[in-house]
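Colleague: A predicted structure for the sequence below; I have some questions about it.
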Amino acid sequence: MLAGLLAGCGGGTDTEGQAVEGEAAFGRHCAGCHGMQGQGRPPAFPPLAGSEWLALPPEGLTAIVLLGLRGEIEVAGQDYAGYMPPMQHIDDERVAEIVRYIKRRWSQATPDWTAGDVAALRARLADRRTPEGRAGVERILQELQ
């Protein structure tokens, strides 16, 4: 859900011309499917803007980036049936940047989520398969507690 094909987009700037942390990583790894504005590309790729999935904690979003997601999901009242591949090739710092960027940009949350947090979660998820839908992600979160 959170990542897709390499988009090759560069980093962005805020209204004062400052680089926006995480936007370059999001552009490179996620925007190809989810769009730089988080609009998605129906019917295959769900939006991030307006998505109730952003209420998930950073652990849930990170699990989706690392493990991918398959099966039917509902986002903002629309059904999507697709597959997001695991993105385990992205290093821990970039994954943390992407999760912080997505949360900040489309849910106005500012999680304190670090590369160390991603590394620890990556180790705990090492034997996991791609979750099936929202229930699969929630099951992972319950098991992590």
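Modeller: It's in.
Colleague: CA atoms for contacts and neighbours, from now on please.
Modeller: Fine.
Colleague: helices or strands up against the lowest-mean-pLDDT helix or strand in the chain?
Modeller: Least confident helix or strand of the chain, by mean pLDDT, DSSP states H and E, is strand 78-84 with a mean of 92. If you count contacts as 3 or more CA pairs under 8 Å, 6 or more residues apart in numbering; DSSP states H and E, strand 78-84 packs onto strand 69-75.
Colleague: please identify the buried residues of the strand it packs on?
Modeller: 69-70, 73, 75 (16 or more other CA atoms under 10 Å).
Colleague: in a markdown table, list the residues you listed along with distance to residue 142 and pLDDT.
Modeller: Shown next, in a markdown table, are the buried residues of strand 69-75 (distance: CA to CA, whole Å; pLDDT from 0 to 100):
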| residue | distance to residue 142 | pLDDT |
| --- | --- | --- |
| 69 | 17 | 97 |
| 70 | 19 | 96 |
| 73 | 19 | 96 |
| 75 | 21 | 96 |
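Colleague: thinking again about what came up before, the least confident helix or strand of the chain pairs with which strands, parallel or anti?
Modeller: strand 69-75 (antiparallel) (DSSP bridges).
Colleague: report the mean per-residue pLDDT for the helix with the most length in the chain.
Modeller: With secondary structure taken from DSSP state H, the chain has its longest helix at helix 92-107. Helix 92-107 carries an average pLDDT of 97.
Colleague: can you tell me which helices and strands whatever helix or strand comes next after it packs against?
Modeller: For helix 92-107, the following helix or strand on the C-terminal side (DSSP states H and E) is helix 115-124. Counting contacts by 3+ CA pairs under 8 Å, 6+ apart, helix 115-124 is packed against helix 58-67, helix 92-107.
Colleague: fine by me, thanks again.
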